[in-house]
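**Student:** make a model of this:
(chains A and B)
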Number of protein chains: 2
Amino acid sequence: MRIRDIGEFGLIDRIAAVTGAAAGTVVGIGDDTAVLDMGGDRLLLATVDIQVEGRHFIRSRTAPYELGRRTAAINLSDVGAMGGTPRWALVSLALPPELEVAWVEDLYRGLRDELGGFGAAVVGGNLSGSEAIVLDLTLLGDVPREHVMRRGGAQPGDHVLVTGHLGASAAGRFALDAGLDVSDLAVAAVVAAHRRPVPRVREGQAIAGAGCASAMIDLSDGLAGDVLHITRASDVGVRIDLEQLPIAPQTREIARRLDLDPLHLAVAGGEDYELLLTAQPGKVEQAKERVRAVAGVSLTSIGVVQEAAGGCVFARGETTTPIEVEGWDHFRLAPES
Amino acid sequence: MRIRDIGEFGLIDRIAAVTGAAAGTVVGIGDDTAVLDMGGDRLLLATVDIQVEGRHFIRSRTAPYELGRRTAAINLSDVGAMGGTPRWALVSLALPPELEVAWVEDLYRGLRDELGGFGAAVVGGNLSGSEAIVLDLTLLGDVPREHVMRRGGAQPGDHVLVTGHLGASAAGRFALDAGLDVSDLAVAAVVAAHRRPVPRVREGQAIAGAGCASAMIDLSDGLAGDVLHITRASDVGVRIDLEQLPIAPQTREIARRLDLDPLHLAVAGGEDYELLLTAQPGKVEQAKERVRAVAGVSLTSIGVVQEAAGGCVFARGETTTPIEVEGWDHFRLAPES
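**Tutor:** Coordinates of the predicted model:
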C-alpha cells in the first residue's frame, strides 16, 4: 500500500497507531498544534510547518522575504487558533551550497518581521545542505491553562463564525497562475491575501481570553475540510449557510474574470488562515465586539451547530448538500505555488 | 556571495545579525539547543535536526526503523548535553506519494523506540509531499533552572573529559563505504556505533544534577570542532592530550584494515554523540563515579583548560599542533551516508 492510496489523514491515523505516549501531553497527534503541560500556569503550544521548493513554492517566483513572512504567518495562525501567544521559533533549513547568502538573509528578515509583529523571534535551528530548498519552521507559544481553545467543545445550537473573508487566497493563487496584471487593484488585493496572509493571533487571544468560543480552528485546508475537524472532535453536525459566507468584492471580481465559482473558492480554496469558531448564541455579540475592538476585523455568523444525526451540510435556500472534504491533501492533489 | 563561500558557521553569523529578539530567551541562535524561560521552575529546551534523503541517508541503504532511531538519538543527545529531560517530539515529514506506508510506519516505530527509552514521544508534526524524503525532528525537553548546562563556563585548570569512545561512528561509516563484511565482529561494532548512536541523556542529567561540570556539549561535528565551541564561549584555551583519547580496539582494528589514522577518526570523524565536558579538578572523580553509576559508561580525562593566551592545541608527547576545525560543515564537505 502506498501513501497516495490512503492520503494525508489516512497516514496520520497509521502514524498515531504506532506512536508512543509521553507524560504531559494535553493535545497530541492529529491536531495542528500540540498542547503540552510543563506544570506551570501556562500550557506550552508547539506547531511545525514545512515548505519544500517546487512543492510549496517556486524559487524564481517567490521572493525569500515573502516566503519568510508567509511561513511564519502559517505557524502563527496555528498558535492563534489555540488562543495562544507566539514566543519562539526554530528554523530548520536545507539549502543548496550555491545559493546566494543574500537569499537566506532576506528569508530571515521576512521571518523576523512577521514573528516580530507578534513578539516572537527565531531562537535556534539547524542548517543542512540539499539540492532543493526546504524550510521547516517550528513555533512555540503558550497560553493560560484555562484559556486554551480546542476543537472538541462545539454544542448543538452554537453559532458557527468566521473572521475576515474566505476565498481570497485561492483567488490570488489562480490570478498568479493566469498571469493577471498585479497592478490592477482587485488582482493586487487577492495576490496579497495569498502571499501575505494575516494570522489572526490577536483575534484568537481575544476570543479565548473572553471565553466566548466553544471550539476554534484555523482555516488552512479550506472551510469544508476544516469544519469537519470541529464536528468530528465535538461529535456534532453543522449547517453552513452558503449565502452568509463573507466573500470580498475583489474575490468575486477575480472569480468572474477567470470564470471561477466564488463559493467554490470560499469553501474549498484553502490557505485563508482565518479563524473558524463556534459560540453559544448568548456570546456571539461579545465575540464580534472583541474581535472588532482588538483588530478591526469582522466576525461573521455562517451557520449553526446541530446534533450529529443532522449531519454536516451546506445550505443554499431550500437546498442542502453534504459537506465533503475538498480541502488540501498533500498526497492527492497536484502541487501549486 | 554564495553559501559555500562562507560555510555553515559564517552563515549562522549572518543569520544571527538579521534576527530579532524574543523575551524569555536564555540561550538563542548559535547553540544546538535553545533554552527558553516560561517562568516556571524548569527551563524549556528546544532542538531540531533535519535528515535529507541523498544527503544524510540513502533510501536503498537505510532501513526506516534505523533512520528513526538515529534521528531521535541525535536530538536526544542535544537535550542530554544541556543536562535536560527529553519530553516531546514534533515530526515534519516530506514524502513522495508513491512511498510505501510500511516505510513510514517503520520510521515511526524507530522514533517511538528511541524516544520511548528516555520517556519521550512524538506528539505532533506536519506531513507534506515532496520528491525526496525529508525528516525534520524537533525535540522539546526541560531542565531544572539551576542545572542547565552551558558551553561558556570552562575555567583554566579544569579537566577536559569525554564519555565513552571516539571515532567509532566514523570508522563505521568508512567500513560501510568500503563494503566490509558486517558479520565480522569488529565491523559490526563500529557500524552499530554509526547507525545507532547511544545518546548520553542519563549521563548528562547525572553530571548536571550533581553540579560536576563547568561546561558541556555533545560531539556531533567531531572533537576538534566541538571543543572550540566551548573554548570560544568560555574565552579560554585548551590542551588536549592525543594519547589519552579513548579509542575502542574495534575502531583501531578497522582503521588498520582500511589504512586510516585512528586519531584522525577520533579527532575529526564526527557523529560520536559523546559528551564533552569540563570540570574542576576536585569534581572529576565525582563526575566519573556518577556516569559509571547511572550508565556504566567511562568518563576519560583527555586534557586541561588553559588561559586563552595558551591557545587551543593537540599535544602528543612534546609536540603540539593548533586545533583547527576539521569537523563537518554542511556546505563545504561532500555528502556521505
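
**Student:** spatially central residue for chain A, please.
**Tutor:** Among the residues of chain A, the one closest to the centroid is residue A:220, at 3.2 Å (Cα atoms, centre = their mean).

**Student:** could you check the pLDDT of that residue?
**Tutor:** Residue A:220 carries a pLDDT value of 93.

**Student:** for it, what are its contacts?
**Tutor:** By Cβ atoms under 8 Å, 6 or more residues apart in numbering or on different chains, the contact set of residue A:220 is A:32, A:74, A:77, A:78, A:226, A:270, A:271, A:272, A:273, A:328. C-beta here means a position set from N, CA and C on the backbone, and glycine is covered the same way.

**Student:** now do the same for it: helix, strand or coil?
**Tutor:** coil (DSSP: H, G, I helix; E, B strand; the rest coil).

**Student:** now do the contacts for residue A:277.
**Tutor:** A:149, A:160, A:161, A:162, A:207, A:212, A:213, A:214, A:215, A:216, A:217, A:287.

**Student:** count the neighbours of the fourth one for me.
**Tutor:** By the other Cβ atoms under 10 Å in any protein chain shown criterion, the neighbourhood of residue A:162 contains 25 residues.

**Student:** what does the second one give?
**Tutor:** Residue neighbour count, defined by other Cβ under 10 Å, stands at 25 for residue A:160.

**Student:** now it: closest residue in space, sequence neighbours ignored.
**Tutor:** residue A:303 (4.1 Å; Cβ to Cβ, 6 or more residues apart in numbering or on different chains).

**Student:** so which strand or helix has the one you found?
**Tutor:** Here residue A:303 sits within strand A:299-306, counting by DSSP states H and E.

**Student:** check which helices and strands that strand sits against.
**Tutor:** strand A:159-163, strand A:237-241, helix A:284-295 (3 or more Cβ pairs under 8 Å, 6 or more residues apart in numbering or on different chains; DSSP states H and E).

**Student:** for these, which one sits closest to residue A:323?
**Tutor:** Minimum separation from residue A:323 across the helices and strands packed on strand A:299-306 (Cβ to Cβ) falls at strand A:237-241, 7.0 Å.

**Student:** send over whichever helix or strand comes after that closest one as PDB, restricted to the C-alpha atoms.
**Tutor:** Going down the chain from strand A:237-241, the next helix or strand is helix A:249-257, by DSSP H and E. Extracted in PDB, the C-alpha atoms of helix A:249-257 (Å, rounded to 0.1, in the frame of the first residue of the first chain):
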ATOM      1  CA  PRO A 249     -15.800  42.000  -3.700                       C
ATOM      2  CA  GLN A 250     -12.300  41.600  -5.100                       C
ATOM      3  CA  THR A 251     -12.500  37.900  -4.800                       C
ATOM      4  CA  ARG A 252     -15.900  37.900  -6.600                       C
ATOM      5  CA  GLU A 253     -14.300  40.100  -9.300                       C
ATOM      6  CA  ILE A 254     -11.300  37.900  -9.900                       C
ATOM      7  CA  ALA A 255     -13.600  34.800  -9.900                       C
ATOM      8  CA  ARG A 256     -15.800  36.500 -12.600                       C
ATOM      9  CA  ARG A 257     -12.800  37.300 -14.700                       C
END
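
**Student:** count the residues that sit near the closest residue to residue A:74 other than its chain neighbours.
**Tutor:** Using Cβ to Cβ, 6+ apart and skipping the chain neighbours, the partner closest in space to residue A:74 is residue A:49 (5.0 Å). Residue A:49 has 24 neighbouring residues, counting by other Cβ under 10 Å.

**Student:** of the helices and strands packed on strand A:299-306, flag the one that's most buried.
**Tutor:** Neighbour counts (mean count of other Cβ atoms under 10 Å in any protein chain shown) averaged over each of those peak at strand A:159-163, with a mean of 25.

**Student:** got the contact list for it?
**Tutor:** With Cβ under 8 Å, 6+ apart, strand A:159-163 has contacts from A:200, A:203, A:219, A:223, A:227, A:238, A:240, A:245-246, A:274-281, A:284, A:287-288, A:291, A:297-305.

**Student:** show me where the stretch 51-200 of chain A has its strands.
**Tutor:** Taking DSSP state E, counting those that start in this stretch as the criterion, the stretch 51-200 of chain A contains strands spanning A:85-95, A:121-129, A:134-144, A:159-163.

**Student:** can you pull out the helices in chain A?
**Tutor:** Assigned by DSSP state H, chain A shows helices spanning A:3-17, A:64-81, A:101-116, A:168-177, A:185-195, A:201-209, A:223-234, A:249-257, A:262-268, A:284-295.

**Student:** so which elements touch the longest one?
**Tutor:** Pointing back at helix A:64-81 there. By 3+ Cβ pairs under 8 Å, 6+ apart, helix A:64-81 packs against strand A:33-36, strand A:42-52, strand A:85-95, helix A:101-116, strand A:134-144, helix A:201-209, strand A:215-218.

**Student:** tell me the angle it makes with helix A:223-234.
**Tutor:** 30 degrees (axes from the mean of the first three to the mean of the last three Cα atoms, to 10 degrees).

**Student:** still on that earlier bit, now do the contacts for the residue nearest to residue A:160.
**Tutor:** A:159, A:160, A:238, A:239, A:240, A:241, A:244, A:315 are the contacts of residue A:303 under Cβ under 8 Å, 6+ apart.

**Student:** so what pairs up with the last one in the strands?
**Tutor:** Looking back up the chat, that one is residue A:315. residue A:241, residue A:320 (DSSP bridges).

**Student:** now swap in the first one and tell me
**Tutor:** For residue A:159, the beta-bridge assignment (DSSP bridges) gives partners residue A:279, residue A:304.

**Student:** roughly how far does it sit from residue B:129?
**Tutor:** Per Cβ to Cβ, to the nearest Å, residue A:159 is found 36 Å from residue B:129.

**Student:** which of the contacts of residue A:303 lies closest to residue B:309?
**Tutor:** Scanning the contacts of residue A:303 for proximity to residue B:309, where the rule is Cβ to Cβ, the winner is residue A:160, at 69.8 Å.

**Student:** count of neighbours near the closest residue in space to residue A:22 that isn't next to it in sequence?
**Tutor:** Leaving aside its sequence neighbours, residue A:22 sits nearest to residue B:121 (Cβ to Cβ, 6+ apart; 3.6 Å). Neighbourhood size, residue B:121 [other Cβ under 10 Å]: 21.

**Student:** so which bits of stretch A:105-115 are buried?
**Tutor:** A:105, A:106, A:107, A:108, A:109, A:110, A:111, A:112, A:114, A:115 (16 or more other Cβ atoms under 10 Å in any protein chain shown).

**Student:** mean confidence score for it?
**Tutor:** On average, the pLDDT along stretch A:105-115 is 98.

**Student:** ok now that stretch, how far from the chain's centre?
**Tutor:** Relative to its chain's centre, stretch A:105-115 lies at 20 Å (Cα atoms, centre = their mean, to the nearest Å).

**Student:** ditto for stretch A:19-34
**Tutor:** 19 Å.

**Student:** same deal with stretch A:155-173?
**Tutor:** Relative to where its chain is centred, stretch A:155-173 has its mean C-alpha point 11 Å off (Cα atoms, centre = their mean).

**Student:** go on, stretch A:168-186?
**Tutor:** 20 Å.

**Student:** dump it to PDB, keeping only the CA atoms.
**Tutor:** Provided in PDB are the C-alpha atoms of stretch A:168-186 (Å, rounded to 0.1, in the frame of the first residue of the first chain):
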ATOM      1  CA  ALA A 168      -9.200  35.500  -1.400                       C
ATOM      2  CA  SER A 169      -6.000  33.400  -1.100                       C
ATOM      3  CA  ALA A 170      -7.300  30.900  -3.700                       C
ATOM      4  CA  ALA A 171      -8.300  33.700  -6.000                       C
ATOM      5  CA  GLY A 172      -4.800  35.100  -5.600                       C
ATOM      6  CA  ARG A 173      -3.300  31.800  -6.500                       C
ATOM      7  CA  PHE A 174      -5.400  31.500  -9.600                       C
ATOM      8  CA  ALA A 175      -4.700  35.100 -10.500                       C
ATOM      9  CA  LEU A 176      -1.000  34.400 -10.400                       C
ATOM     10  CA  ASP A 177      -1.300  31.200 -12.400                       C
ATOM     11  CA  ALA A 178      -3.300  33.000 -15.000                       C
ATOM     12  CA  GLY A 179      -0.700  35.800 -15.200                       C
ATOM     13  CA  LEU A 180      -3.200  38.600 -14.400                       C
ATOM     14  CA  ASP A 181      -1.800  42.100 -14.100                       C
ATOM     15  CA  VAL A 182      -0.900  42.700 -10.500                       C
ATOM     16  CA  SER A 183      -1.000  46.400 -10.900                       C
ATOM     17  CA  ASP A 184      -4.800  46.000 -11.100                       C
ATOM     18  CA  LEU A 185      -6.300  46.800  -7.600                       C
ATOM     19  CA  ALA A 186      -8.500  43.700  -7.400                       C
END
